[in-house]
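Visitor: sequence first, predicted coordinates after that:
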Amino acid sequence: MSRPAHVVVTTSLRDAKTPWTPWPFTGRTDELELVRRSVAAGRGGLVVTGPAGFGKTRLVTEALRGLDCARAAGTPEARDIPFAAFAHLLPEGVTLHRALHLLSGVRLLLVDDAHLLDSASAALVHQLAVHGRTRLLVVATEGAAVPGAVSRLWSGELLPRLALEPLPREETAELLTAGAGTRLDPLTADRLHRLCRGDLRLLRDLLAALREHDLLLPVPGTDQRAWRGPVPITAGVRERTAPLLDRERPEERETLERLAFAEPLPLDPDDLDVRILERLEADGLVTVDDRGTARLAHPLHGPVLRAATGRLRARRLARTPDRCGPALEVERAALALRIEQADVTELETPVGEWLAAEGTPLPAGYAALRARFARLRGRLSEAAAWAREGLRTSLDDSSCLSELALATAQSGETSAGSHGTAAWAAAARGDLDEALRAAGSDDPYDAVRLGAPDRAAGRLTGVFAEHADALAREDGPALDRVAEELERRGFLLFAAEAHAQAVPAHRDPRAARTARTRAAALARRCQGARTPALSALVLGELTARQRQIVTLAAAGLSNRQIAERLTLSVRTVGNHLYGAYTRLGAGDRGALPWLMDLPESQPA
């Protein structure tokens with residue numbers, strides 16, 4: 001059907017494909033701003049690329065919200081039909097020259113699935129970019145064959161290119177919480193993130209299967225749910241692993257299954273046929289590292305092969321968890337060494353993760369060390385999850401109980417229990433006086449984090465001693481330098497606290513604002529950490545007494561309870577609160593918990 005030459009069709013959000021609705025758009029803040037800036041510019045535009053399922057279309061749809069734009073999309077069925085992608089915008093029998101003239105007046109054009117464009121449509125998009133009168137937003141999938149006219153948009157530097165990376169782990173966890181309607185325990189969220197490698201469609205598919213089959217079980221004592229056990233073979237999983245499951249040669253399937261059941265430990269390469277491995281490697285199903293160790297190329301492959309194998313064959317190939325004991329001990333020793341070396345940057349630990357994912361009980365000592373490593377990295381919810389894994393088999397293990405208490409207390413939860421240090425238990429209750437009195441009694445670095453560096457004098461070394469010294473001297477630039485070194489070593493929460501402590505120490509207001517921004521950005525990566533140093537970011541304009549009273553009020557204590565705890569009159573407490581409300585811009589007591597929730601109230 002032809003269309004008058006002067007008519008240009010505009011589309012709304014409802015016309016764009018939105019595979020993630022009704023899941024909310026989460027993360028991609030920087031990318032979203034980049035796309036919005038590109039379409040707001042007078043000319044030019046942007047190419048957005050990424051693997052299938054990475055949320056490219058959802059990103060550009062969000063960026064175009066509220067804007068009118070013409071839209072075209074490639075389809076595999078119409079790749080041999082000239083100008084098929086623009087059939088709704090152009091008359092029949094149009095030439096490239098005429099098509100370019102008709103569409104040059106379009107202010108904004110979205111071209112989705114550009115890798116599927118027919119050659120004429122691809123040439124038209126390229127010419128529109130060359131002439132530069134139309135703002136173009138072009139979306140193409142990496143890993144697919146792309147028409148040369150499309151790839152030259154970025155290779156020829158006609159348009160800038162935004163190559164989407166996988167959604168980060170923290171943002172994936174937020175998306176999962178929104179999609180599940182409940183909080184997932186960190187080990188479950190990390191497992192789904194690892195299995196999907198940025199494929200958000202697969203993530204949604206797996207989560208739907210877990211919910212449908214009631215595989216998300218409550219975690220005792222929390223509002224979280226956890227998944228342990230085999231991967232459900234959904235239609236989406238089956239589609240993505242078809243090249244793996246549909247191998248016709250029996251010897252190739254045998255090799256793949258042997259690798260799958262060897263996880264998380266590699267097979268001896270001498271036990272495998274090199275020629276078969278070469279074919280599987282060429283097809284992207286197997287990777288071989290510099291040491292000659294062969295592994296399945298995708299973390300989803302092993303679970304899918306194991307789930308699809310018959311019972312008798314699985315029983316023959318399966319590696320029992322007890323055979324992982326030596327490897328688990330190697331991981332434990334590596335974690336302990338890294339802690340001793342004051343380096344908690346991410347460490348590959350596939351054995352422990354595999355055992356936890358399979359639902360196999362973990363030794364309490366290993367679980368406690370994993371919890372400590374995670375806590376030192378600032379991943380407090382993950383630390384609590386590892387501690388609970390250890391308590392599954394040893395209900396009264398003191399190390400696991402202590403790590404669980406420390407993780408929850410530094411998240412601001414008042415149910416830390418007697419196994420946490422006295423300082424953090426008091427801080428969680430809002431009793432900063434008691435926290436400061438107890439600071440350093442267990443770990444001298446706690447005193448520094450709580451603002452009492454004198455209690456750690458002579459008891460620390462390295463960057464931790466430098467932190468104590470800079471805080472004692474109230475040296476803002478030195479505290480920022482300490483924070484940068486702590487971040488480099490993986491201590492994200494400690495780095496956030498050091499930046500936060502630098503804010504009031506800076507004489508230069510601009511340096512103080514920078515320190516505040518860096519502290520907030522790091523704190524957002526620490527899974528809900530709410531320590532006194534971070535709370536001071538929000539409450540920094542208050543006096544010490546006001547901060548103390550506001551902390552207790554935010555925890556739910558009445559004026560009379562606060563007065564009794566601090567040995568003050570009820571009127572004095574009320575006066576302090578009124579002064580604090582004025583400085584914080586809070587209308588009443590109900591706003592205090594929000595003000596003290598750093599990740600929400602202090603955007604980076």
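Guide: Noted; the coordinates are in hand. Numbers count the residues shown, from 1 in each chain.

Visitor: C-alpha only now, for contacts and for neighbours.
Guide: Will do.

Visitor: ranges for the helices of the stretch 401-550 of the chain?
Guide: For the stretch 401-550 of the chain, helices defined by DSSP state H, counting those that start in this stretch occupy the ranges 422-429, 432-438, 444-449, 462-472, 476-488, 492-505, 509-523, 532-539, 544-554.

Visitor: any idea which of these scores lowest on pLDDT?
Guide: When those are ranked by mean pLDDT, helix 532-539 comes last with a mean of 76.

Visitor: just say helix, strand or coil for the residue of the chain most remote from its centre.
Guide: Centroid-distance maximum for the chain: residue 93 at 49.4 Å, with CA atoms, centre = their mean. Of the three states, residue 93 takes coil according to DSSP: H, G, I helix; E, B strand; the rest coil.

Visitor: shouldn't residue 372 be within a helix?
Guide: Yes - assigned with three-state DSSP, residue 372 falls within a helix.

Visitor: tell me if I'm right that it and residue 383 touch.
Guide: Yes - contact criterion CA atoms under 8 Å: residue 372 and residue 383 qualify, at 6.5 Å.

Visitor: overlap of the contact sets of the two?
Guide: With contacts taken as CA atoms under 8 Å, 6 or more residues apart in numbering, residue 372 and residue 383 have residue 403 as neighbours in common.

Visitor: how is the chain divided into domains?
Guide: What automatic domain parsing lists as the domains of the chain is 13-163, 169-228, 241-319, 323-415, 423-601.

Visitor: give me the distance from the second one to the chain's centre.
Guide: From the chain centre to the centre of domain 169-228 is a distance of 12 Å (CA atoms, centre = their mean, to the nearest Å).

Visitor: try the third one
Guide: Remark: domain 241-319 is offset 29 Å from the chain centroid, using CA atoms, centre = their mean.

Visitor: ranking the helices of the stretch 401-550 of the chain by burial, who's on top?
Guide: helix 492-505 (a mean of 29; mean count of other CA atoms under 10 Å).

Visitor: could the domains of the chain be laid out in CSV, adding distance to residue 235?
Guide: Shown next, in CSV, are those (distance: least, CA to CA, whole Å):
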stretch, distance to residue 235
domain 13-163, 15
domain 169-228, 8
domain 241-319, 10
domain 323-415, 22
domain 423-601, 33
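
Visitor: out of these, nearest to residue 234?
Guide: domain 169-228 (7.0 Å; CA to CA).

Visitor: and residue 67, how many neighbours does it have?
Guide: Residues near residue 67, counting by other CA atoms under 10 Å, number 13.

Visitor: and residue 230, by the same measure?
Guide: When neighbours are counted by other CA under 10 Å, residue 230 registers 14.

Visitor: surely it forms part of a helix?
Guide: No - going by three-state DSSP, the assignment for residue 230 is coil, not a helix.

Visitor: backbone dihedrals for it, please?
Guide: The phi/psi pair for residue 230 (degrees, to the nearest 10) reads phi -60, psi 160.

Visitor: please, where are all the helices along the stretch 51-200 of the chain?
Guide: Going by DSSP H, counting those that start in this stretch, the stretch 51-200 of the chain shows helices at 56-63, 96-103, 119-131, 148-155, 169-180, 186-196, 200-212.

Visitor: contacting residues around the fourth one?
Guide: The set of residues external to helix 148-155 that reach it, using CA under 8 Å, 6+ apart, is 47, 114-115, 119, 122-123, 125-126, 129, 158-161.

Visitor: now the helices for the stretch 251-400 of the chain?
Guide: Using DSSP H, counting those that start in this stretch, the helices of the stretch 251-400 of the chain run over 274-282, 301-308, 311-317, 325-340, 350-358, 364-376, 380-391, 398-409.

Visitor: and the average pLDDT for the second one is what?
Guide: Confidence for helix 301-308, expressed as mean pLDDT, is 90.

Visitor: what do you get for the longest one?
Guide: On average, the pLDDT along helix 325-340 is 95.

Visitor: which helices and strands does that helix pack with?
Guide: Contacts defined by 3 or more CA pairs under 8 Å, 6 or more residues apart in numbering; DSSP states H and E place helix 325-340 against helix 350-358, helix 364-376.

Visitor: check which residues of it are buried.
Guide: Under the neighbour-count criterion of 16 or more other CA atoms under 10 Å, helix 325-340 has 327, 328, 331, 332, 335, 336, 338, 339 buried.

Visitor: and the pLDDT for the closest residue to the third one other than its chain neighbours?
Guide: This points to residue 331. Counting by CA to CA, 6 or more residues apart in numbering, residue 349 is the residue found nearest to residue 331 once chain neighbours are left out, at 6.2 Å. Looking at residue 349, its pLDDT reads 93.

Visitor: and what of residue 321?
Guide: In this model, residue 321 carries a pLDDT of 69.

Visitor: ditto for residue 353
Guide: Listed pLDDT for residue 353 reads 94.

Visitor: with the one 3 residues further on instead?
Guide: At residue 356 the predicted local distance difference test score is 94.

Visitor: does it really touch residue 227, like I thought?
Guide: No - Residue 356 lies out of contact with residue 227 (CA under 8 Å); the separation is 9.8 Å.

Visitor: what does stretch 421-438 contact?
Guide: Residues contacting stretch 421-438 (CA under 8 Å, 6+ apart): 402, 406, 409-414, 416-418, 439-440, 442, 446-447, 450-452, 531-532, 548, 551-552, 555.

Visitor: quick one: end-to-end length of it, please.
Guide: 8 Å (CA to CA, to the nearest Å).

Visitor: would you mind measuring from the closest residue to residue 296 other than its chain neighbours to residue 314?
Guide: Leaving aside its chain neighbours, residue 296 sits nearest to residue 286 (4.5 Å; criterion: CA to CA, 6+ apart). Going from residue 286 to residue 314 by CA to CA gives 20 Å.

Visitor: residue 122 now?
Guide: 49 Å.

Visitor: OK, contacts around the nearest residue to residue 198 once chain neighbours are set aside?
Guide: Spatial nearest neighbour of residue 198, chain neighbours left out: residue 166 (4.1 Å); criterion: CA to CA, 6+ apart. Applying CA under 8 Å, 6+ apart to residue 166 gives the contacts 54, 197, 198, 199.

Visitor: so residue 356 and residue 227 - more neighbours on which side?
Guide: Here residue 356 and residue 227 are compared on neighbour count by other CA under 10 Å; more neighbours surround residue 227, at 25 against 21.

Visitor: which residues does that one contact?
Guide: Applying CA under 8 Å, 6+ apart, the residues contacting residue 227 are 188, 210, 215, 216, 217, 357.

Visitor: which stretch in the helices of the stretch 51-200 of the chain has the least confidence?
Guide: Mean pLDDT is lowest for helix 169-180 among the helices of the stretch 51-200 of the chain, at a mean of 86.

Visitor: residues in contact with it?
Guide: 23-27, 183-184, 186, 189-190, 193, 204, 207, 211, 525.

Visitor: kindly recompute the last result at 10 Å.
Guide: Helix 169-180 is contacted from outside by 20-28, 166-167, 181-186, 188-194, 197-198, 200, 203-204, 207-208, 210-211, 216, 224-225, 524-527, using CA atoms under 10 Å, 6 or more residues apart in numbering.

Visitor: touching, residue 89 and residue 109? I think so.
Guide: No - applying CA atoms under 10 Å as the test, residue 89 and residue 109 come out as separate, 11.1 Å apart.

Visitor: which neighbours do those two have in common?
Guide: 10, 70, 71, 72, 103.

Visitor: any idea how far the last one lies from residue 123?
Guide: Noted for residue 103: a distance of 13 Å to residue 123, by CA to CA.
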